[in-house]
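A.B. asks: Next one to model:
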Amino acid sequence: MLAFACGSDDDNPETVLAPLGGGQAAAGSGGEPTLPPSEGGGPVGLVGLVDDDDAAQPACVDQFAELTERPPIIEFVVDTSGSMSWVAGTELLPGVGETSKWEITAEALVTAISAMPDAAAVGISYYPNTTETGLACFRSDAAAPIERLTPEHRALIDRVNQNRIPAGGTPTHAAYEFGVEQLQASGLNGSKFLVLITDGIPTYTLECTGNGRTRVDGAPLVASVDEHYRSNAIRTFVIGSPGSEEAREELSKMAFVGGTGATGCEDVLGSCHFDMTGEPDFSSALRGALGDIAEATRGCDYAVPEPPRGRTRINLDDVSVVVESGGVQIREFGRASSAECDSGWQYNGDRSSIALCRATCDELSRLADENPDVAVRVRFGCDVTPT
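C.D. replies: Okay, here's the model as predicted:
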């Protein structure tokens, strides 16, 4: 599992990816990144750069820099429709010694969020969040806004979970769009994730047409998840609680187009999301899924480093992510060849961050489990101009 060391700047919290298992640091802590020795035993660092008007080295080498993780920004969009008050696998309210799906979900959310680092930012909204029906099936109202996980914000999330009472239909699309709005409105810097939890089919459209009981078309919601991932880099995790059997295919498609489908999953077979419908122990399975999601939002999104002091430009078109052990390169990941991000990594819109594709992030985790000295750096090609 990847190891992290948290920064201390409260206004711009960062998490620095550290070498694992106590190995040597991948980069120095004194400003400029640690660079490999040049070939032939020459001087360490960048060469071939003009340091003044009259002197220049004869050649240059690639430059390497440490990677700094951007803390995640996560919006939980949670189904609290009437069926969440039932015992998992039934349409019955809990009896003595039994627990409802919502009680299990609320407890699992608290457990998962309590394990997240303080630098993470989390918000939560529920659907439905009004007793109105028809065109008023959903209100644009956050139960807990997106904020860093201070003790006060953690307490607020605990409180709103405890006070929630399941009731009503399932305006999934309207709730999803509101969650996206919350992520986009956040002024915090970091990767954006939406975690959708539902135990059934959508019974209202985006415009709140529907009667709250009959299924509505889920295709527009799938298309919206796809668009927000492609255009806004918002990745959507989907958990299908017991009761969501009829929605399995569209929930799987949402995870697939939302950039979080399990490696090699088949969306039409319903295997891309976290499907709880066949789990014998819903409570244990849900805690495991939320733990996996919490881990997946960490450690695979990095700020692009600044050029070394005295330099003005780095070649962002010649970049790779390098995995090292004991100073020896063991793996190199190039930029993804398509928007689907099957492997490698992608820039965000303004090229200020590098996000590993899901399969590559999983591979990095495996490498780290196998080798505690693994460290990660970014390699920039030799195209640097002086100040």
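A.B. asks: Any stretches of the stretch 51-200 of the chain with poor pLDDT?
C.D. replies: 51-61 (pLDDT under 70).
A.B. asks: Tell me where it has strands.
C.D. replies: Along the stretch 51-200 of the chain, counting by DSSP state E, counting those that start in this stretch, strands occupy 63-66, 68-69, 73-79, 121-127, 144-148, 192-198.
A.B. asks: Mind giving me the packing neighbours of the first one?
C.D. replies: For strand 63-66, the helices and strands in contact under the criterion 3 or more C-beta pairs under 8 Å, 6 or more residues apart in numbering; DSSP states H and E are strand 374-381. C-beta: built from backbone N, CA, C; applies to glycine.
A.B. asks: For T260, which non-adjacent residue is closest in space?
C.D. replies: Excluding the flanking residues, the one nearest T260 by C-beta to C-beta, 6 or more residues apart in numbering is F237, at 4.8 Å.
A.B. asks: about what we covered before: quick check: which of the strands of the stretch 51-200 of the chain is nearest to G278?
C.D. replies: Nearest to G278, of all the strands of the stretch 51-200 of the chain, is strand 192-198, at 16.0 Å by C-beta to C-beta.
A.B. asks: roughly how far is that closest one from the heart of the chain?
C.D. replies: 10 Å (C-alpha atoms, centre = their mean, to the nearest Å).
A.B. asks: and that strand with strand 73-79, angle?
C.D. replies: Interaxial angle, strand 192-198 versus strand 73-79 (axes from the mean of the first three to the mean of the last three C-alpha atoms, to 10 degrees): 10 degrees.
A.B. asks: the inter-axis angle of strand 192-198 versus strand 144-148?
C.D. replies: 140 degrees.
A.B. asks: Might one say that R235 is in contact with F193?
C.D. replies: Yes. Counting by C-beta atoms under 8 Å, R235 touches F193, with 5.2 Å between them.
A.B. asks: ok, now how distant is the residue lying closest to Q162 once chain neighbours are set aside from A112?
C.D. replies: Among residues not flanking Q162 along the chain, A106 sits closest, at 7.0 Å (C-beta to C-beta, 6+ apart). The span separating A106 from A112 equals 11 Å under the rule C-beta to C-beta, to the nearest Å.
A.B. asks: if you count what's nearby, which of these two comes out ahead?
C.D. replies: Set side by side, A106 and A112 show more neighbours around A112, with 23 against 20, by other C-beta atoms under 10 Å.
A.B. asks: What sits closest to the more buried one if chain neighbours are left out?
C.D. replies: Once flanking residues are discounted, A112 sits nearest to L290: 3.7 Å by C-beta to C-beta, 6+ apart.
A.B. asks: Please identify the helix or strand for the one you found.
C.D. replies: Remark: L290 resides in helix 282-296, with elements defined by DSSP states H and E.
A.B. asks: report the longest strand in this structure, please.
C.D. replies: Counting by DSSP state E, the longest strand found in the chain is strand 315-325.
A.B. asks: next helix or strand past that strand?
C.D. replies: That would be, after strand 315-325 and using DSSP H and E, strand 328-333.
A.B. asks: list the helices and strands that following strand packs on?
C.D. replies: Partner elements for strand 328-333 (3+ C-beta pairs under 8 Å, 6+ apart): strand 315-325, helix 358-370.
A.B. asks: Check which residues of that strand are buried.
C.D. replies: Buried residues in strand 328-333, counted by 16 or more other C-beta atoms under 10 Å: R331, F333.
A.B. asks: next one: stretch 126-137
C.D. replies: Neighbour count says stretch 126-137 has Y126, Y127, P128, N129, T133, C137 buried, by 16+ other C-beta under 10 Å.
A.B. asks: Same question for stretch 206-213.
C.D. replies: So for stretch 206-213, counting by 16+ other C-beta under 10 Å, buried means L206, C208, G210, G212.
A.B. asks: same thing with stretch 68-77?
C.D. replies: Of the residues in stretch 68-77, those buried (16+ other C-beta under 10 Å) are T68, E69, R70, P71, P72, I73, I74, E75, F76, V77.
A.B. asks: The last one and E181 touch, don't they?
C.D. replies: Looking back up the chat, that one is V77. No. Counting by C-beta under 8 Å, E181 is not a contact partner of V77; they are 11.1 Å apart.
A.B. asks: For the stretch 151-300 of the chain, just list every one of the helices.
C.D. replies: Ranges of helices within the stretch 151-300 of the chain are 151-163, 172-185, 219-232, 248-257, 282-296, based on DSSP state H, counting those that start in this stretch.
A.B. asks: Out of those, which is the most enclosed?
C.D. replies: Each of the helices of the stretch 151-300 of the chain was scored by mean neighbour count; the highest is helix 248-257, a mean of 24, by mean count of other C-beta atoms under 10 Å.
A.B. asks: Take it, keep the C-alpha atoms, and write them as PDB.
C.D. replies: Written as PDB, here are the backbone C-alpha positions of helix 248-257 (Å, rounded to 0.1, in the frame of the first residue of the first chain):
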ATOM      1  CA  ARG A 248     -27.500  -3.100 -12.300                       C
ATOM      2  CA  GLU A 249     -26.700  -2.500 -16.000                       C
ATOM      3  CA  GLU A 250     -27.000   1.300 -16.000                       C
ATOM      4  CA  LEU A 251     -25.100   1.600 -12.600                       C
ATOM      5  CA  SER A 252     -22.300  -0.400 -14.200                       C
ATOM      6  CA  LYS A 253     -22.300   1.800 -17.200                       C
ATOM      7  CA  MET A 254     -22.100   4.900 -15.000                       C
ATOM      8  CA  ALA A 255     -19.000   3.600 -13.300                       C
ATOM      9  CA  PHE A 256     -17.500   2.500 -16.700                       C
ATOM     10  CA  VAL A 257     -18.000   5.900 -18.400                       C
END
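A.B. asks: That one vs helix 219-232, what angle?
C.D. replies: Going by the same axes, to 10 degrees, helix 248-257 makes 10 degrees with helix 219-232.
A.B. asks: let's have the chain start at 846 instead
C.D. replies: Sure, I'll start numbering at 846, so the last one becomes helix 1093-1102.
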